[in-house]
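> Let me see the structure of the following:
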Amino acid sequence: MAITIKKVLSNSKKILNEELGSSYQKNNFDAEYCLMEVLKKDRIFLHSSDETEISKHQLYQYNKLLKQRKSGRPLAQVLGWQSFFKNKFLVNRDVLIPRSETEILIPKILKKGDEIYDKNQSVTIIDAGAGTGCIGMSLALERKNWKIYLIENSPKVIDILLLNHKKFKLQNCKIICSNWLSSIESNVADILVSNPPYINKLAGDVEESVAKFEPESALFAIDNGLSEIKKIIIESRRIIKEKGLLFLENGYNQSENIVSILRKNYYKDIKTILDYNDIERFTVSQHP
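Have a look, this model is predicted:
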């Protein structure tokens, strides 16, 4: 009997929905993405050519991906990449999977950076705790005349950064190994951006797939999730130029505390930015 796209997807969607439950639409999309990855085709092809036969080798490759997803492993880790802004970033278990909410920062930083560049004919940006490099590299790809520095401390994370750096052939983007900002010269950044660990280590409401498959070091922090954000705010005072900007991603219930910490460290013009669910997800402030 012929093995068609239609038959494979029908069976695999049923399997994922039985194993993973809850979000049936997401499970259906995940089954399709796995097959798109194997066939190197888009969703339009899957649905317009669903009677197309697939080979035994393609079925074998597909079932390998499906088995991983069935175990609860996030789709991005199964595929080895995650879309962010306009590009696909390589991922593995050593890095935080880029979230769509974080994309909100990119146009806002581009706008502020353009204003700085128009005035000074240069812009230097630091992405602290860069992970996959999705924030800093997205900026570097959009503005080839800006200088971008990606800061990471973990050798395993730096390996992923190097792979993405090579993939995008970036000439205006450098990777620096540093424990947060300790190895960075003073007064160098026009803009500093960071998506640090901010989940309370004692929190019990973290999705199982996140807690099980993504690195703890990129997720959790002590002091109600504020310890690493505090370090960045304090260290950033030495790094950011006068009237430079600090962009932070934070937890859904942390904005009030972060505003207070910023004020204690003499930051001004503090504003919060909402995510797609109208949660205060980001904080932007100006160095005095």
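> now the helices for the stretch 1-150 of the chain?
5-20, 24-39, 43-48, 56-70, 75-79, 105-120, 134-142 (DSSP state H, counting those that start in this stretch).
> Reformat the ones you listed as CSV; add distance to V210 and mean pLDDT.
C-betas here are computed from N, CA, C, even on glycine. Below are the helices of the stretch 1-150 of the chain laid out as CSV (distance: least, Cβ to Cβ, whole Å; pLDDT from 0 to 100):
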stretch, distance to V210, mean pLDDT
helix 5-20, 14, 91
helix 24-39, 14, 92
helix 43-48, 26, 94
helix 56-70, 15, 95
helix 75-79, 11, 97
helix 105-120, 20, 98
helix 134-142, 17, 98
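> Any chance of JSON lines for those helices, columns distance to S182 and mean neighbour count?
Output for those, formatted as JSON lines (distance: least, Cβ to Cβ, whole Å; neighbours: other Cβ atoms under 10 Å):
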{"stretch": "helix 5-20", "distance to S182": "42", "mean neighbour count": "17"}
{"stretch": "helix 24-39", "distance to S182": "40", "mean neighbour count": "18"}
{"stretch": "helix 43-48", "distance to S182": "46", "mean neighbour count": "13"}
{"stretch": "helix 56-70", "distance to S182": "37", "mean neighbour count": "16"}
{"stretch": "helix 75-79", "distance to S182": "30", "mean neighbour count": "21"}
{"stretch": "helix 105-120", "distance to S182": "23", "mean neighbour count": "15"}
{"stretch": "helix 134-142", "distance to S182": "18", "mean neighbour count": "24"}
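> between these, which gets nearest to S285?
Closest approach to S285 among the helices of the stretch 1-150 of the chain is made by helix 105-120 (11.8 Å; Cβ to Cβ).
> who's in contact with the closest one?
85, 123, 125, 135, 138-139, 142-143, 145-146, 190-191, 193, 245, 247, 249, 273, 282, 284 (Cβ atoms under 8 Å, 6 or more residues apart in numbering).
> buried sites along whichever strand in the chain runs longest?
Counting by DSSP state E, the longest strand found in the chain is strand 240-249. Using 16 or more other Cβ atoms under 10 Å as the test for burial, strand 240-249 gives I240, K241, G244, L245, L246, F247, L248, E249.
> Report pLDDT for the third one.
In this case it means G244. Predicted confidence (pLDDT) for G244: 98.
> Roughly how far does it sit from V206?
From G244 across to V206, the span is 33 Å (Cβ to Cβ, to the nearest Å).
> how long is stretch 95-103 end to end?
Terminal residues of stretch 95-103 lie 17 Å apart, using Cα to Cα, to the nearest Å.
> got the contact list for that stretch?
74, 76-77, 82, 84-85, 89, 91, 131-132, 134-135, 157, 160, 195, 214-215, 218-219, 249, 275-276, 281.
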